[in-house]
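[1] The sequence and its predicted three-dimensional model are supplied below.
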Amino acid sequence: MALALISTQVGAPGTLDPVHVHHHRYDAVIVGAGGAGLRAAIEVAGTCRAAVLSKLHPTRSHTGAAQGGMCAALANVEEDSSEWHTFDTIKGGDYLVDQTAARVMCAEAVDAVIELEHFGLPFNRTTDGRIDQRRFGGHTRNHGQAPVRRACYSADRTGHMILQTLYQQCVKRGVTFFDELMALDVVLDDGRVAGVVAYELATGDLHVFATKALLFATGGFGKVFKVTSNAHALTGDGPGLLFRRGIPLQDMEFFQFHPTGIYKLGILLSEAARGEGGVLRNAQGERFMERYAPTVKDLAPRDLVSRAMLTEIREGRGLGPDADFLHLDLTHLPPDQIDAKLPDIADFVRTYQGLEPKIDLIPIQPTAHYAMGGIPTNLDAEVVIDAAGTTVPGLYAAGECACVSVHGANRLGTNSLLDIVVFGRRGGRAMAAFVADASQPDLPADAGGDVRRRIEALKASSGGERVAVVRHQLQEHMMLEASVFRTEESLTKVAGHLGELRARYGDAVIDDKGAVFNYDLTEALELGYLLDLAETLVVSARARTESRGAHFRDDHPSRDDANWMRHTLAHREADGSVRLSYKPVDGGLYEPMERKY
Amino acid sequence: MEQVAADILTVTLRVKRFNPAVDRKPHWQVFTVEGMEPTDRVLDVLHQAKWHQDGSLSFRRSCAHGVCGSDAMVINGANGLACQVLLSATGPDVTVEAIRGLPVVKDLVVDMQPFFAQYRSVLPWLVAEGDPGYTERRQSPEQRARFDDTTKCILCAACTTSCPVFWPNGSYVGPAAIVQAHRFIFDSRDEGTADRLEVLSDRSGVWRCRTAFNCTNACPRGIRVTEAIQEVKRTILSDRV
């Protein structure tokens, strides 16, 4: 299937193996094979020559770890409307959401769920055979009156089912996959997309893809934090490599901490646990969310719950020898409800904590979960590089790596699965239309040169810094100084640490100089992106002297609409520094109001 | 699971290593990894060895909590996911090697393409031609429950590579592909059963299974794999779902 046109050998210095370079030509290339990438692939399949690159086998993608559900106002079990869903999404995002985009996503949600069902997704069913729905944080009836049953789900493995189903549809359509190819550079030529450069894990070879259109769907970058629900693979390669080529990154200061991560490990325990009736308790056994969100209590949005939890811990009501965790209580739920609706998370608690969720309280702490920010995009998933909406012809992004922005300053639970399906489809559709009229771009002769030099430099390095040590310190500092609570002081501190870590990264050494499955090398390359993205996060957060959604400043605890109702754009300058600019929020449907639940 | 009394463990990790660039055959390397706890995963031990002792050690992993299926390996003689097996179960002596029956590419990394080719051979997608219109196809909770167990498969290959029939005969379609077929055969919405059963009744199909139950024991998702295979066999014999 691969259109390998030419293979060349480029000599490398010293005793290193020569690097083989393979050249390919496609109309459309998708980087990443999670939900967004696969949904885009289904859309372009059969319309043009298309390929999907993924650094993992597609079914290993982290979409598969999503648990609780995907919201859509089907109204299968109670009255609901996509307008209510839109309102909840905008309010949940603390009014930094682009409102047209939210309206589009929530309106297309119904269609997206029906389509997944037609693709074969095994949703849980109501007694009359329709798709069942359950409650989720921040999703309410009639603009905040009470929780509403809006999340369509498949036990607590909804993401697994979405990933499997979309992959099945790609296999059915004969989509061309390049498994275990890691994208490392984009080739832009005269303001448009020309290609992408990828590293093949199995051989160490480089692959240069000339392509008219390129869609990034590489997921998040939770690995900048110590305690995270994110997979090891989630190192932000897509946003990272684009940032280095001059594409700005939007709203990077907004990073969601999910309230219920398994203590110390960060493994996600779905919000569906609270949707099914679970509650949070402090050291006194008190259901403390009643004080913070009197109406929806434990089903408040994640930013509010995570802050409430850390406030309880700060005020001495945490548990354990260090008083640094709280409890998730499922003991009052009927045991068969846990078996039927929450089987996987119950198993996680048994496996990793040695506890029985039907009788034991579960130690939990907030875990770094989701990047609201990312590659700025419009409704067609086209990448936009400035406040005027200027696009880069042929360049697209969708899913967590993108920022449309439908999540604003804080994403509502389930809206990520919705985002990947809706905007993966929109991106694929737009790409297919674009390539029909676009000419094939010319690639420069040595398009893979920069990547080759980066790899050679790492293999040739005789420095003294181990990648794992630098990465660990990055994750520790980000957790301590740039997570749920931030101040000018903490952000200044972490900015200093990032500078030191960046210098040490320049001295990184790897043991493995080989070509075959050299994860020593790829972890070093990934760390480079993590450092870049951490810096954009910290610089953006330091500038934003207000508190909004997931970005909370102890020294500026209020939302400041007069000055900060705007998106941040972080740009890489020639000297390596980060410059910020801003663009307005697309409002108009709902006036910002105080966010109470 | 047996609890190990000591809180801090020094783990002796034996890894079967193979680097195609320099090795003619595999060899064992022993790592001593200090400061581990009984609640740590085998994956944590592998990471400590790789990150702080020898970066050339290669193994796949991603989610680290048993849902992505990357890190199936033979752990103390039994197939499992390195991120799902804790030191409280293995004790301080941990031996790991690549899963069997697929070509070893490097260390613990095998070539998964033969496995995915078998997956593709059973038509792993919903076959349903009629247009249900702008609404979901109806399916009762009982119909949905009928195939729930086999929807949990994460394609980690722990089952297929534990199968003594598969080891000497890579053409056997293997438990994982049969599990995938089962997921559709028993889905009330699916219309592709005849085509799938044709694939599975041929000489490399379900009749190779000798009900060794290794697959069921190996499945990190607790799928009753052998039972699923038997249900497919019975369906072929009775010619109805």
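    Arrived safely, thanks for sending.
[2] how about stretch B:193-202 against chain A, any contact?
    No: Stretch B:193-202 is not in contact with chain A by CB under 8 Å from any CB of the partner chain; minimum separation 12.5 Å. The way it works is simple: take the backbone N, C-alpha and C, and place the C-beta from them, glycine included.
[3] How about residues contacting that stretch?
    Outside of stretch B:193-202, the residues that reach it under the criterion CB atoms under 8 Å, 6 or more residues apart in numbering or on different chains are B:121-123, B:127, B:173, B:178, B:181, B:184-185, B:205-207, B:232, B:235-236, B:241.
[4] Show me the domain layout of chain B.
    B:2-110, B:113-240 (automatic domain parsing).
[5] Now mean neighbour count and mean pLDDT too, for those domains, in a markdown table please.
    Formatted as a markdown table, these follow (neighbours: other CB atoms under 10 Å in any protein chain shown; pLDDT from 0 to 100):
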| stretch | mean neighbour count | mean pLDDT |
| --- | --- | --- |
| domain B:2-110 | 19 | 95 |
| domain B:113-240 | 19 | 96 |
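[6] Which single residue in chain B comes nearest to chain A?
    Going by CB to the nearest CB, chain A is nearest to B:L126 of chain B, at 2.9 Å.
[7] so that residue touches B:F184, yeah?
    Yes: between B:L126 and B:F184 there is a contact at 6.4 Å, judged by CB atoms under 8 Å.
[8] tell me, what's touching the two both at once?
    Contacts common to B:L126 and B:F184, judged by CB under 8 Å, 6+ apart, are A:120, B:190, B:192.
[9] How about the contacts made by the second one?
    Pointing back at B:D190 there. Taking CB under 8 Å, 6+ apart, one finds A:120, B:126-128, B:184 in contact with B:D190.
[10] Which members of those are the farthest-apart pair?
    Distance extremes for the contacts of B:D190: the farthest pair is B:A128 and B:F184 at 9.8 Å, using CB to CB.
[11] Common neighbours of those two, please.
    By CB under 8 Å, 6+ apart, the residues touching both B:A128 and B:F184 are A:120, B:190.
[12] Could I get the average pLDDT for the strand ranked longest in chain A?
    Ranked by residue count and defined by DSSP state E, the top strand of chain A is strand A:19-31. Per-region confidence: strand A:19-31 scores 95 on mean pLDDT.
[13] Show me how far that strand is from its chain's centre.
    From the chain centre to the centre of strand A:19-31 is a distance of 25 Å (CA atoms, centre = their mean, to the nearest Å).
[14] give me phi/psi at the residue lying closest to A:I267 once chain neighbours are set aside?
    The shortest distance from A:I267 to any residue other than its chain neighbours is 4.6 Å, reached at B:H65 (CB to CB, 6 or more residues apart in numbering or on different chains). When read as degrees, to the nearest 10, the backbone of B:H65 gives phi -140, psi 30.
[15] contacting residues around B:H65?
    A:65, A:265, A:267, A:348, A:352, B:83-84.
[16] what does A:M289 give?
    A:279-280, A:297-298, A:300, A:305, A:308.
[17] where do the helices sit along chain B?
    B:42-52, B:87-90, B:113-121, B:141-146, B:174-185, B:193-200, B:214-218, B:225-238 (DSSP state H).
[18] is it possible to export the ones you listed to CSV including distance to A:N415?
    Below are these laid out as CSV (distance: least, CB to CB, whole Å):
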stretch, distance to A:N415
helix B:42-52, 31
helix B:87-90, 38
helix B:113-121, 31
helix B:141-146, 25
helix B:174-185, 28
helix B:193-200, 36
helix B:214-218, 36
helix B:225-238, 35
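[19] Run through who's touching the helix or strand following the longest strand of chain A.
    Of the helices and strands lying after strand A:19-31 in sequence (DSSP states H and E), the nearest is helix A:35-44. Helix A:35-44 has contacts (CB under 8 Å, 6+ apart) with A:28, A:30-31, A:33, A:50, A:52, A:54, A:58, A:61, A:63, A:159, A:162-163, A:166-167, A:169-170, A:173, A:175, A:215, A:217, A:381, A:396, A:398-400, A:402, A:417, A:419-421, A:423-425, A:427-429, A:431-432, A:435.
[20] Figure out how far helix A:35-44 is from the centre of its chain.
    The answer for helix A:35-44 is 16 Å, by CA atoms, centre = their mean.
[21] relative to helix A:35-44, how tilted is whichever helix or strand comes after that helix?
    Where DSSP H and E defines the elements, the next helix or strand beyond helix A:35-44 is strand A:50-54. Computed by axes from the mean of the first three to the mean of the last three CA atoms, to 10 degrees, the angle separating strand A:50-54 from helix A:35-44 equals 170 degrees.
[22] Do strand A:50-54 and chain B come into contact?
    No: using CB under 8 Å from any CB, strand A:50-54 never reaches chain B; the gap is at least 11.2 Å.
[23] May I have the strands that pair with that strand, each with its orientation?
    Applying DSSP bridges, strand A:50-54 is found paired with strand A:19-31 (parallel), strand A:176-179 (parallel).
[24] CA atoms of the first one as CSV?
    Listed next in CSV are the C-alpha coordinates belonging to strand A:19-31 (Å, rounded to 0.1, in the frame of the first residue of the first chain):
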residue,chain,number,x,y,z
VAL,A,19,19.8,6.6,8.2
HIS,A,20,17.5,5.3,5.5
VAL,A,21,15.0,7.7,4.1
HIS,A,22,11.8,6.6,2.4
HIS,A,23,9.7,9.0,0.3
HIS,A,24,6.0,8.8,0.0
ARG,A,25,3.3,10.8,-1.8
TYR,A,26,-0.2,11.1,-0.6
ASP,A,27,-3.2,13.5,-0.9
ALA,A,28,-4.0,13.5,2.8
VAL,A,29,-2.0,12.3,5.8
ILE,A,30,-3.4,12.0,9.3
VAL,A,31,-1.1,11.9,12.3
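[25] Show me what counts as buried in that strand.
    For strand A:19-31, burial by neighbour count (16 or more other CB atoms under 10 Å in any protein chain shown) applies to A:19-31.
[26] Stretch A:437-451 too?
    A:438, A:441, A:443, A:447-449, A:451.
[27] how about the residues you listed in TSV, adding distance to A:M70 and secondary structure?
    Output for these, formatted as TSV (distance: CB to CB, whole Å; DSSP: H, G, I helix; E, B strand; the rest coil):
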residue	distance to A:M70	secondary structure
A:A438	33	coil
A:P441	36	coil
A:L443	39	coil
A:A447	38	coil
A:G448	38	coil
A:G449	43	helix
A:V451	36	helix
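[28] ok, and which of these reach chain B?
    Counting by CB under 8 Å from any CB, no member of the buried residues of stretch A:437-451 is near chain B.
[29] Closest to chain B out of the residues you listed?
    Distance ranking of those against chain B, using CB to the nearest CB, places A:V451 first at 20.1 Å.
[30] tell me the contacts of that closest one?
    A:184-185, A:197, A:199, A:206.
[31] mind listing which of those residues are in strands?
    Among the contacts of A:V451, DSSP E puts A:184-185, A:197, A:199, A:206 in strands.
[32] can you give me the strands for chain B?
    Under DSSP E, chain B gives strands at B:9-17, B:27-36, B:72-75, B:78-81, B:93-97, B:104-106, B:109-110.
[33] Next, format those strands as JSON lines and append distance to chain A.
    Output for the strands of chain B, formatted as JSON lines (distance: least, CB to the nearest CB, whole Å):
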{"stretch": "strand B:9-17", "distance to chain A": "12"}
{"stretch": "strand B:27-36", "distance to chain A": "13"}
{"stretch": "strand B:72-75", "distance to chain A": "11"}
{"stretch": "strand B:78-81", "distance to chain A": "10"}
{"stretch": "strand B:93-97", "distance to chain A": "15"}
{"stretch": "strand B:104-106", "distance to chain A": "5"}
{"stretch": "strand B:109-110", "distance to chain A": "5"}
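[34] Turn those into TSV, columns for distance to B:I223.
    Listed next are the strands of chain B as TSV, based on distance: least, CB to CB, whole Å:
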stretch	distance to B:I223
strand B:9-17	27
strand B:27-36	30
strand B:72-75	14
strand B:78-81	13
strand B:93-97	23
strand B:104-106	26
strand B:109-110	21
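[35] Kind regards, and thank you for your time.
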